[in-house]
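J.: Sequence and predicted model, in that order:
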Amino acid sequence: MSALSLLAAAGALVVGVYGAAAALAVTRAPARVLPFEGGSVPQQHAVSRFHVRWYAVTLLFLAFDMEMVFMYPWAVVVADMGTTAVVEMFGFLAVLLVGVVYVWREGALRWA
């Protein structure tokens, strides 16, 4: 069997698989327009507006999330690095404190 006939057989196999997939495909057009294809009818538009207060809460979440991203590796190497690592951590915590104070001043921590 020559290489050309193997190539032709592989091409016929690929065309056959694509043809079978197209012939057996189920029409799913209505589900593609729904968000996340969950099947339920959406109650509101997908790009809806949020109250500005949620942006401050997001800032608070990011501040504490970044704290954990930076503090865990710092805790692993602080004994080896010495005083410079402690000074850098206090600088980082000061920046985070500024963010938390800003969010506090904006009233994002008042839940009532």
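T.: Received it, and whenever you're ready, just let me know what you need.
J.: element containing the residue lying closest to Leu109 once chain neighbours are set aside, please.
T.: With sequence-adjacent residues excluded and distances taken as Cβ to Cβ, 6 or more residues apart in numbering, Leu109 is closest to Val103, at 6.7 Å. Using the backbone N, CA and C atoms, a C-beta is placed for each residue, glycine as well. Assigned by DSSP states H and E, Val103 belongs to helix 83-106.
J.: Need the residues that contact that helix.
T.: Around helix 83-106, the neighbours that count as contacts under Cβ atoms under 8 Å, 6 or more residues apart in numbering are 53, 56-57, 59-60, 63-64, 66-67, 70-71, 74, 77-78, 109.
J.: What subset of these is buried?
T.: 56, 60, 63, 67, 78 (16 or more other Cβ atoms under 10 Å).
J.: Output those as TSV; include the columns distance to Gln44, secondary structure and pLDDT.
T.: Converted to TSV, those look like this (distance: Cβ to Cβ, whole Å; DSSP: H, G, I helix; E, B strand; the rest coil; pLDDT from 0 to 100):
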residue	distance to Gln44	secondary structure	pLDDT
Ala56	23	helix	81
Leu60	25	helix	84
Ala63	29	helix	83
Glu67	34	helix	85
Val78	48	helix	90
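J.: Could I get these in JSON lines, plus columns for distance to Leu4?
T.: JSON lines is the format used below for these (distance: Cβ to Cβ, whole Å):
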{"residue": "Ala56", "distance to Leu4": "68"}
{"residue": "Leu60", "distance to Leu4": "67"}
{"residue": "Ala63", "distance to Leu4": "65"}
{"residue": "Glu67", "distance to Leu4": "64"}
{"residue": "Val78", "distance to Leu4": "67"}
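J.: Can you tell me which of these is nearest Arg49?
T.: Nearest to Arg49 among the buried ones among the contacts of helix 83-106 is Ala56, at 15.5 Å by Cβ to Cβ.
J.: For the nearest residue to that closest one once chain neighbours are set aside, which three-state class applies?
T.: Spatial nearest neighbour of Ala56, excluding adjacent residues (Cβ to Cβ, 6+ apart): Ala108 at 3.6 Å. Using DSSP: H, G, I helix; E, B strand; the rest coil, the structure places Ala108 in coil.
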